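Engineer: pasting the structure only:
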């Protein structure tokens, strides 16, 4: 008896996987999570590639996170890598217009246009070095540890200066008392 051939795979079955970055697993958008296409045909979001290439020089090569094929950073930075237009076309209609994002030091920047007709906008930045200020819930079972006020103070320049000054006063007082009591 002949067995029935398995039904052909529906390309839509893999759609959710193709609409998220394989590094951070966040859905693509048209701003900081713009899907960027590397020469090896792998696609990653702009934020992940920017973090990956943060300390590389412009026009330097970097390895693809999946296959290790080399890709070059454009002179204008990671945001100028060619977007994957096939993925962008699968985004919701209002997210298919690519936005102008640029690198400024250790930040990705985007000018959000206000709804008013004045042409004014708001600068939106994404800091690439740290996630401070983001109110992301910590994963189950993990505890975030903050520096205590005293430890943070002692590590600062003023804290070191005050500590040295206080120790100097204490040392002077001890020596002065020792000399004063020996003369009596």
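Structural biologist: Everything's here; your move. Predicted, not measured: the structure shown is a model, and the values here were computed from it. Numbering: from 1, shown residues only.

Engineer: C-alpha only now, for contacts and for neighbours.
Structural biologist: Will do.

Engineer: give me the low-pLDDT residue ranges for the chain?
Structural biologist: Residue ranges of the chain with pLDDT under 70: 1-17, 115-119, 130-155.

Engineer: Next, the contact list for the residue nearest the centre of the chain, please.
Structural biologist: Nearest to the mean C-alpha position of the chain, counting by CA atoms, centre = their mean, stands residue 128 at 3.4 Å. Contact partners of residue 128, counting by CA atoms under 8 Å, 6 or more residues apart in numbering, are 47, 50, 51, 54, 106, 107, 108.

Engineer: Phi first, then psi, for it.
Structural biologist: For residue 128, the backbone dihedrals (degrees, to the nearest 10) come out as phi -90, psi -20.

Engineer: how near is it to residue 91?
Structural biologist: Distance, residue 128 to residue 91, using CA to CA, to the nearest Å: 25 Å.

Engineer: With residue 180 instead?
Structural biologist: From residue 180 across to residue 91, the span is 82 Å (CA to CA).

Engineer: Those two - which one has more neighbours?
Structural biologist: residue 91 (17 against 10; other CA atoms under 10 Å).

Engineer: which one is residue 123 nearest to, not counting chain neighbours?
Structural biologist: residue 111 (4.6 Å; CA to CA, 6 or more residues apart in numbering).

Engineer: host element of that neighbour?
Structural biologist: Counting by DSSP states H and E, the element that carries residue 111 is strand 107-113.

Engineer: domain ranges for the chain?
Structural biologist: 12-98, 153-184 (automatic domain parsing).

Engineer: now, of those domains, which is deepest in the fold?
Structural biologist: Mean neighbour counts were compared across those using mean count of other CA atoms under 10 Å; the top stretch is domain 12-98, at a mean of 17.

Engineer: Which neighbouring elements make contact with the one helix or strand residue 161 maps to?
Structural biologist: In this structure, residue 161 sits in helix 157-183 according to DSSP H and E. Helix 157-183 sits against helix 149-155, with contacts defined as 3 or more CA pairs under 8 Å, 6 or more residues apart in numbering; DSSP states H and E.
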